[in-house]
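# coordinates for the following, if possible.
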Amino acid sequence: MPCSLHRNGRGRRFLSLLERFLIEAKDWDAISLYDRLHWPDLTRLSAASRLLHHLVRSYKETIWNIDIFAAEWFDNPIEFRAILALTGALVAGSQVVQFFDGHQPLNGTPLDVVTRVGGVPGFIVFLEEEGYEKVPVGGEVNSDAESTMASAFAMSSTIQFQERGRINGIVDVLEYVKPRIPGRYAEVVRIQIIVVTQNPVEHILMNYHSTGVMNFFSHSEAVSFFPATTFLSRLFLPSSRADLGYEWNPPWKWKYERRGFQVDAERVHPGLRLGLRTVKDKYSWVIPFNVSPRRIKEEEERSIYGPSGIDTYQVDLTWIAEDTYGLKRWHLAIYEPYVFWYLAPLYVRSSSS
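Reported below is the predicted structural model:
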């Protein structure tokens, strides 16, 4: 039944059957209906009438509430988002997949924060104020804040930094833990600070293993670059410049297969929009957050790296076959536009047009 407005001869509006159902239904029945819809479906539904907008908005603000989600790790989620605004850092990885699916955080899985070197000191101070302690490579908790901060300031002089993080752009990975609230399943909650040399959005798109994890959230919004394949088709497509190998079965593959996703490196047609794309184009999903808290706005205005560049960042996508030991597998290749068109062979450029 369409949700368009119906009026009688006097111009008074009648409720559609769907509106009447949602008003009269028990909360559980209405939520069950909403749970079957994804973010863009709910957005379209809410645009059908003012009443539906009101009904759907409360559901969306509960399910995709970043402050409620971040409260799993932080006593002060607003301050966490303020640090994201100040440093230009992004949150990525498994937990962001959970967020887009409208699920609660994965128990025992760390929250991955991707930041450039200049953002590390601010994060260290914030995490220590939140009660976190650093876990060094040896695995023992280190509460020496002074030595931790000194290590952060020394990152810009390391070989990793001077060589732009070498292959994957990573300078260092810092892990922090703190005791969890009694009664939870895991004993501690974990944060991983992934220190990179590039803009975090560039690092995520250029270095992450598959389309399914090319999602992130900042202080102001959540963005999924391949939402249709990831959240509608439940499909991960590899995005790796490394040899897929004869018995290709990396740990991340079976990890996400256990969570209900399919990982496919053998399909000839990926079902993706190839060629030139912008991060927040019409093929992406974007979930805006409330940025009205003054603290977030203040840090956004004095961001140490300036504008994030997310709105204008572009990549060129092509689907490439790899013949290894007589087996043909396919993966997504992601390039910076001008470098791609200069270096890629003519036949590859033609096929992606």
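
# counting contacts, what elements does the longest helix seen in the chain pack onto?
Determined from DSSP state H, the single longest helix within the chain is helix 50-63. Applying 3 or more C-beta pairs under 8 Å, 6 or more residues apart in numbering; DSSP states H and E, we find helix 50-63 packed against helix 17-24, helix 27-35, helix 39-46. Every C-beta, even on glycine, is put in place using the N, C-alpha and C of the backbone.

# save these as CSV, and put in mean neighbour count, mean pLDDT and distance to F123 too.
Output for the helices and strands packed on helix 50-63, formatted as CSV (neighbours: other C-beta atoms under 10 Å; pLDDT from 0 to 100; distance: least, C-beta to C-beta, whole Å):
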stretch, mean neighbour count, mean pLDDT, distance to F123
helix 17-24, 14, 70, 43
helix 27-35, 12, 73, 34
helix 39-46, 16, 84, 29
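
# TSV for these, including distance to I66?
Shown next, in TSV, are the helices and strands packed on helix 50-63 (distance: least, C-beta to C-beta, whole Å):
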stretch	distance to I66
helix 17-24	25
helix 27-35	18
helix 39-46	13
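
# closest to L272 out of those?
With C-beta to C-beta, the closest approach to L272 among those belongs to helix 39-46: 17.0 Å.

# that closest one relative to helix 50-63, how many degrees between them?
Using axes from the mean of the first three to the mean of the last three C-alpha atoms, to 10 degrees, the direction of helix 39-46 lies 150 degrees away from that of helix 50-63.

# what angle do helix 39-46 and helix 17-24 make?
100 degrees.

# report all helices and strands that helix 39-46 contacts.
Against helix 39-46 (3+ C-beta pairs under 8 Å, 6+ apart) you get helix 50-63, strand 285-288.

# show residues contacting it.
3, 34, 37, 52-53, 55-57, 59-60, 64, 100, 227, 285, 287 (C-beta atoms under 8 Å, 6 or more residues apart in numbering).

# of all pairs in those, which one spans the longest distance?
C3 and F100 (25.0 Å).

# one step back: buried residues of the longest helix of the chain, list them for me.
Neighbour-count burial for helix 50-63, counted by 16 or more other C-beta atoms under 10 Å, picks out 51-52, 55-56, 59-60, 63.

# how about stretch 267-280?
270, 272, 277, 279-280.

# doesn't I320 make contact with L274?
No: L274 lies out of contact with I320 (C-beta atoms under 8 Å); the separation is 10.5 Å.

# any shared contact partners between those two?
With C-beta under 8 Å, 6+ apart, L274 and I320 have no common neighbours.

# three-state assignment of G119?
helix (DSSP: H, G, I helix; E, B strand; the rest coil).

# ok, how many other residues are close to it?
25 (other C-beta atoms under 10 Å).

# please apply the same query to the one 5 residues further on.
By other C-beta under 10 Å, the residues close to I124 number 20.
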